[in-house]
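S.K.: predicted structure and sequence below. I'll ask about it afterward.
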Amino acid sequence: MELLSINLYELIKANGFVGFTTALIRRFTSQMLLSLSLMRHHRIVHCDLKSENVLLRHPAKSAIKVIDFGSSCFEHEKIYTYIQSRFYRSPEVILGMNYHMAIDMWSLGCILAELYTGFPIFPGENEQEQLSCIMEVLGIPEKEFVNRSSRKKLFFDTNGAPHAVINSKGRRRRPGTKTLAQVLRCNDEEFVDFISKCLVWDSERHIKPQAAMRHPFITAGRRPKPSTSTTKITLSSSNLSNGRNKMLNKTPKKSLISAPTPLTARSSRTTATSGPTTPGNSSYASTLGSSRSYRVSQPQGLSSYHSSRALSGFVSTATK
C-alpha cells in the first residue's frame with residue numbers, strides 16, 4: 001500500500017485559505033485529467049470527486065493521486081442516486097436526473113475554483129441553496145432542462161421560476177447577478193474559460209477530459225522552452241573569462257530553476273467592496289461535517305473525520 005500525503009483541502013487550509021497560483025493549479029489539473037481520461041475509457045463515474053479525495057504524493061511536491069472510489073460505478077451500472085458531496089454536486093444530481101461521467105467534470109471545475117480562491121465556489125447550506133448558488137453565477141436554466149427533473153417542485157414553481165431561498169444568515173442569492181470571472185476574481189482568461197466549460201447546466205456540453213487536455217490553459221504549461229542557441233550572448237574576449245567565472249559560481253538551483261516553490265500560495269488579496277462574498281474561516285469550518293461529506297455511513301466517524309484534518313507539521317515541512 002502506497003503512503004500518500006495530505007489532501008488538497010488540507011493543503012488549502014495549511015496556506016490559510018488563500019488559494020494557489022494558476023501555474024500550480026495547472027499541474028494538479030493535468031494529473032486529474034489523466035485520471036478522468038482513464039476512468040472515461042473504462043466508463044467509470046467517480047461520483048465523489050472533491051478536494052479531500054485528491055492527495056499529494058509528497059508534502060512538498062505537486063504530484064497527486066485521486067482516491068476514494070467507494071461510491072464509483074460503471075456508467076451503465078449505477079448504484080446510488082444520492083451521490084457527490086454537496087459543494088461539488090452537479091445540477092443533474094441535485095435535480096434527480098439521469099447522470100453519467102460528465103458529473104465528474106463538474107466536480108473538477110468546482111475543485112479548481114476552490115484551489116484558486118481558497119473557498120468553495122458554491123457553498124450551499126442545503127440542496128436548495130446549493131442550486132441557488134449555482135444559479136447566482138450561471139443564471140436560471142432553460143425550462144426544457146428543468147422539465148427533465150424528477151424533483152423540480154422542490155426548486156421551481158410551475159412557470160419554471162426558482163423558489164426564493166434564504167440561508168441561515170438571512171442572505172438570498174439572485175440568479176445571474178455574478179459572472180464566473182467576478183466570483184474567481186481572476187484575470188487569467190484561459191483559466192476562467194476552462195472552468196466555464198466544466199460548469200455548464202447541460203451535462204452533454206461539459207468539456208470531456210481528452211478535449212480538456214488540449215485546452216489552452218493546460219497546453220500553456222507544455223509550451224516549448226526557447227532554444228539555447230537563440231539565447232546565447234556574444235561576449236567580447238575581455239569579458240569572456242569574467243562571465244565564465246560568474247556562471248561557475250552560480251549554484252544549479254539558482255541558474256536552472258526559475259520557477260517558485262511548487263506549493264506556495266498566492267499572495268493575500270485585499271477584499272474589494274464589489275468583489276464576491278466568501279465565507280470566513282470560522283463559518284466555513286463550521287459547516288464541514290454536514291456539507292463536505294454526503295455519506296453518513298462512511299468508515300470514519302465524525303470525530304476521526306475532523307481529527308484527520310490535522311496537518312502534522314505540514315507547513316514547516318513544505319517550506320523546506
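M.R.: Structure received.
S.K.: do a quick rundown of the strands in this protein.
M.R.: In the chain, the strands defined using DSSP state E lie at 44-45, 54-56, 64-66, 73-74.
S.K.: just checking, Arg40 touches Ala102?
M.R.: No: under the criterion of Cβ atoms under 8 Å, Arg40 is not in contact with Ala102, lying 9.5 Å apart. (Glycine included, C-beta is placed from N, CA and C.)
S.K.: any shared contact partners between the two?
M.R.: Lys208 (Cβ atoms under 8 Å, 6 or more residues apart in numbering).
S.K.: ok so, going back, make JSON lines from the strands of the chain and add distance to Leu131 to it.
M.R.: Below are these laid out as JSON lines (distance: least, Cβ to Cβ, whole Å):
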{"stretch": "strand 44-45", "distance to Leu131": "21"}
{"stretch": "strand 54-56", "distance to Leu131": "25"}
{"stretch": "strand 64-66", "distance to Leu131": "26"}
{"stretch": "strand 73-74", "distance to Leu131": "24"}
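S.K.: any idea which of those gets closest to Arg148?
M.R.: Within the strands of the chain, the stretch nearest Arg148 is strand 44-45; the backing value is 18.7 Å (Cβ to Cβ).
S.K.: counting by contacts, list what that closest one packs against.
M.R.: Applying 3 or more Cβ pairs under 8 Å, 6 or more residues apart in numbering; DSSP states H and E, one finds that strand 44-45 contacts strand 73-74.
S.K.: which stretches in the stretch 51-200 of the chain count as helices?
M.R.: For the stretch 51-200 of the chain, the helices identified by DSSP state H, counting those that start in this stretch occupy 91-94, 102-117, 127-138, 143-147, 152-155, 180-184, 189-198, in order along the chain.
S.K.: can you check which of these gets nearest to Arg57?
M.R.: Ranking the helices of the stretch 51-200 of the chain by distance to Arg57, with Cβ to Cβ as the measure, places helix 102-117 first at 16.8 Å.
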